[in-house]
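Asks: Sequence and predicted structure are below.
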Amino acid sequence: MWARLFALAPSRGRPLQTQIREMLVGAILDGWLPRGSPVPSGRDLADQLGVSRNTVVLAYQQLVDEGFLLSRERSGYYVCDGAVPGCAPAGADTDNAAGNGPDWARRFAVRASGQRNICKPLNWQNYPYPFLYGQFDPTLFPIADWRECCRQALSVLEVRDWAPDGVDGDDPLLIEQLRTRVLPRRGVWAGAAEIMVTVGAQQALFLLARLLGQERSVVGIEDPGYPDARNIFAIQTPEVRPLAIDDQGLVPSAAAAGCDYIYLTPSHQCPTTVTMPLARRRALLELAARHDIVLIEDDYESETNYLDCPTPALKSLDRDQRVLYIGSLSKTLAPGLRLGYIVGPAALIHEARALRRLMLRHPPANNQRIVALFLSLGHHEALLRRLAHVLKDRAAEVRRALARHLPDLTIAPSSGGSSLWLRGPETLDCQALAASARERGVLIEPGEVFFNAARPPRNFFRLGFSSIAAVRIEPGIAELAALIHR
């Protein structure tokens with residue numbers, strides 16, 4: 001029995017002591033080791049697992065301290081009587097239900113699952129050529145610096161600071177770092193009352209849509225543009241209007257003039273990556289002032305402008321408080337971190353906090369404190385410099401490989417970012433291409449989902465390079481070229 005219950009699995013770097021504790025706790029909580037039953041002696045389990053006896057004894061002692069095991073002198077270790085909490089009795093037999101439950105399909109007010117979304121395989125790291133946008137590259141993550149900040153955040157004084165319920169507030173240290181370190185890089189100056197932390201830019205968009213969108217509000221969206229923004233606003237209002245873009249970003253047009261709100265990505269347009277020049281930004285601000293429009297600026301990938309001097313954020317040019325600014329730290333740190341922020345007038349932030357409180361009160365305070373320390377110690381600045389260097393090299397490698405293997409594809413102009421937007425001949429079906437490429441280990445993103453039209457063009461695709469090593473870029477492009485030519 002012990003051989004079946006206890007066997008070390010590939011650890012992915014977890015200490016042996018931790019693995020032994022997990023095995024024992026799992027066996028106790030799952031009922032394989034009943035109350036009062038003995039566990040193997042430290043020597044026996046150490047021999048079975050091929051580890052030192054001290055490793056097993058230390059794991060046992062921790063479980064004694066936590067109330068899972070009981071140590072009896074000259075007898076050994078036993079499962080504590082109170083180790084397993086009591087369970088409520090089973091309810092009705094669901095297998096014999098009469099089938100008269102609610103008709104859930106009829107009750108859904110929103111069918112979010114039916115919207116068109118970007119789809120990426122969850123196991124993308126298993127593919128040799130993942131040309132996917134916005135994914136995590138573990139070789140670029142500053143593990144040592146992050147671990148230092150995690151340790152600091154777990155000190156007694158820091159825990160006392162972030163552990164209490166913050167109700168609708170945010171970590172003051174993080175707000176201060178955003179206000180004095182992050183936003184000034186974009187030319188944005190804001191007071192503490194004008195900044196709110198969110199669970200990524202996604203939540204920021206959802207909050208603004210819920211807070212500002214009325215049933216007949218007209219919301220302008222770039223076309224092609226960010227699908228999740230389109231879907232979020234479409235839940236709130238049926239009046240989502242596609243707005244044309246060109247090589248300078250969103251076009252100030254009569255269609256734009258008829259909107260109540262316009263969502264745009266001027267730093268690196270999603271998905272084309274074009275950067276909006278200063279003159280176009282000023283023209284949009286004038287249009288917004290003339291027609292009483294609120295602009296929602298998603299400062300998408302602003303930190304990865306490695307070819308030109310960064311253009312000031314649209315928010316930095318705003319004199320009438322017509323621009324609501326959304327930023328994210330997930331793109332530079334890690335997508336799984338889910339940390340973003342909104343900058344806007346104090347009255348709007350006050351209402352946004354009240355709305356966020358109804359959803360989740362506030363993002364986890366321990367994560368906020370870790371990021372605040374990461375920013376305050378200069379680690380973020382160092383990471384940005386490193387990312388700029390790496391992404392610049394990868395972008396150059398992608399362009400060289402495309403020029404060599406796929407010279408007929410058109411590349412949208414780009415001054416940075418971590419992806420390229422490509423247009424193929426009219427006969428190219430990028431959905432079919434993506435499916436065939438995936439079978440050969442190459443992942444790309446078909447462009448159809450970014451267009452608002454019912455029958456979008458099929459000859460566009462996005463090629464990301466944030467998560468693929470430089471040495472794999474040309475072989476991956478060569479595989480893709482072979483499929484396209486065939």
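Replies: Yep, that arrived.
Asks: List the buried residues of stretch 110-126.
Replies: For stretch 110-126, the neighbour count (16 or more other C-beta atoms under 10 Å) marks Ile118 as buried. For glycine as for every other residue, the C-beta is placed from the backbone atoms N, C-alpha and C.
Asks: ditto for stretch 182-194
Replies: Val182, Leu183, Arg186, Val188, Ala190, Glu194.
Asks: So what touches it?
Replies: 172, 175-176, 179, 195, 299, 302-303, 310, 312-313, 315-317, 325, 327, 329, 343-346, 349-350, 375, 380 (C-beta atoms under 8 Å, 6 or more residues apart in numbering).
Asks: follow-up on the earlier one: the buried residues of stretch 182-194 in strands, which ones?
Replies: For the buried residues of stretch 182-194, not one is inside strands, with DSSP state E as the criterion.
Asks: For those residues, point out the one with the lowest pLDDT.
Replies: On pLDDT alone, Arg186 ranks lowest of the buried residues of stretch 182-194, at 90.
Asks: mind listing the strands for the stretch 51-200 of the chain?
Replies: 69-72, 76-79, 129-130, 195-198 (DSSP state E, counting those that start in this stretch).
Asks: Can you name the element that comes right after the last one?
Replies: I take that to be strand 195-198. Proceeding N to C from strand 195-198, the next assigned helix or strand is helix 200-212, under DSSP states H and E.
Asks: Can you give the contact residues for that next one?
Replies: 198, 219, 228-229, 232-233, 235-236, 261, 263, 294, 296, 298, 324, 326-328, 330, 338-342, 348, 351-352, 355-356, 359.
Asks: Recalculate using a threshold of 7 Å.
Replies: 198, 228-229, 232-233, 236, 261, 296, 298, 324, 326, 328, 330, 338-340, 342, 351-352, 355-356 (C-beta atoms under 7 Å, 6 or more residues apart in numbering).
Asks: Quick check: PyMOL command selecting the buried ones in these.
Replies: In PyMOL, a selection of the buried entries from the contacts of helix 200-212 looks like this (16+ other C-beta under 10 Å):
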select buried, resi 198+228+229+232+233+236+261+296+298+324+326+328+330+338+339+340+342+352+356
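Asks: Let me have the buried residues of stretch 182-194 in TSV, extended by distance to Leu63.
Replies: What follows is the buried residues of stretch 182-194, written out as TSV (distance: C-beta to C-beta, whole Å):
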residue	distance to Leu63
Val182	43
Leu183	48
Arg186	51
Val188	51
Ala190	50
Glu194	49
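Asks: so which of those comes closest to Gly26?
Replies: Nearest to Gly26 among the buried residues of stretch 182-194 is Val182, at 42.0 Å by C-beta to C-beta.
Asks: center of this structure, which residue is that?
Replies: By C-alpha atoms, centre = their mean, the chain has its centre lying nearest to Pro335, at 3.1 Å.
Asks: isn't that one right up against Tyr133?
Replies: No. With contact defined as C-beta atoms under 7 Å, Pro335 does not reach Tyr133; the gap is 10.3 Å.
Asks: quick one: average pLDDT of the helix of greatest length in the chain?
Replies: Among the segments of the chain that qualify as a helix by DSSP state H, the longest is helix 379-405. The pLDDT scores in helix 379-405 average 93.
Asks: Note down every partner strand of the very next helix or strand once past it and its orientation.
Replies: Later in the chain than helix 379-405, the nearest helix or strand by DSSP H and E is strand 410-411. Neighbouring strands of strand 410-411 in its sheet, by DSSP bridges, are strand 419-423 (antiparallel).
Asks: give me the low-pLDDT residue ranges for the stretch 101-250 of the chain?
Replies: Regions of the stretch 101-250 of the chain meeting the criterion pLDDT under 70 are absent.
Asks: Mind jotting down where the helices sit in it?
Replies: For the stretch 101-250 of the chain, helices defined by DSSP state H, counting those that start in this stretch occupy the ranges 104-107, 143-153, 156-162, 172-177, 200-212, 227-236.
Asks: Would you mark the buried spots in the third one?
Replies: What it means is helix 156-162. Neighbour-count burial for helix 156-162 [16+ other C-beta under 10 Å]: Glu158, Trp162.
Asks: Any chance you could list what contacts it?
Replies: Gln152, Asp171, Ala365, Asn366, Arg369.
Asks: gap between the second one and Pro40?
Replies: When you say that, I think you mean Asp171. Distance, Asp171 to Pro40, using C-beta to C-beta, to the nearest Å: 46 Å.
Asks: higher neighbour count, those two?
Replies: Asp171 (25 against 20; other C-beta atoms under 10 Å).
Asks: Surely that one is in contact with Ala365?
Replies: Yes. Shown here, Asp171 and Ala365 form a contact pair, counting by C-beta under 7 Å, at 5.8 Å.
Asks: what about stretch 257-266, distance to the chain center?
Replies: Offset of stretch 257-266 from its chain centre (C-alpha atoms, centre = their mean, to the nearest Å): 24 Å.
Asks: Quick one: mean pLDDT for it?
Replies: On average, stretch 257-266 scores 96.
Asks: Give the buried residues for it.
Replies: Cys259, Asp260, Tyr261, Ile262, Tyr263, Leu264, Thr265, Pro266.
Asks: Then stretch 44-53?
Replies: Leu45, Ala46, Leu49, Val51.
Asks: what's the most distant pair in the residues you listed?
Replies: Leu45 and Val51 (8.4 Å).
Asks: Read off the pLDDT value for the residue lying closest to Arg400 once chain neighbours are set aside.
Replies: Closest residue in space to Arg400, ignoring its immediate chain neighbours: Glu474 at 7.6 Å, by C-beta to C-beta, 6 or more residues apart in numbering. pLDDT, Glu474: 96.
Asks: Make sure Glu474 is actually in contact with Leu402.
Replies: No. Taking C-beta under 7 Å as the definition, Glu474 is not a contact partner of Leu402, at 9.7 Å.
Asks: who has more neighbours, those two?
Replies: Between Glu474 and Leu402, counted using other C-beta under 10 Å, the more crowded position is Leu402 (21 against 16).
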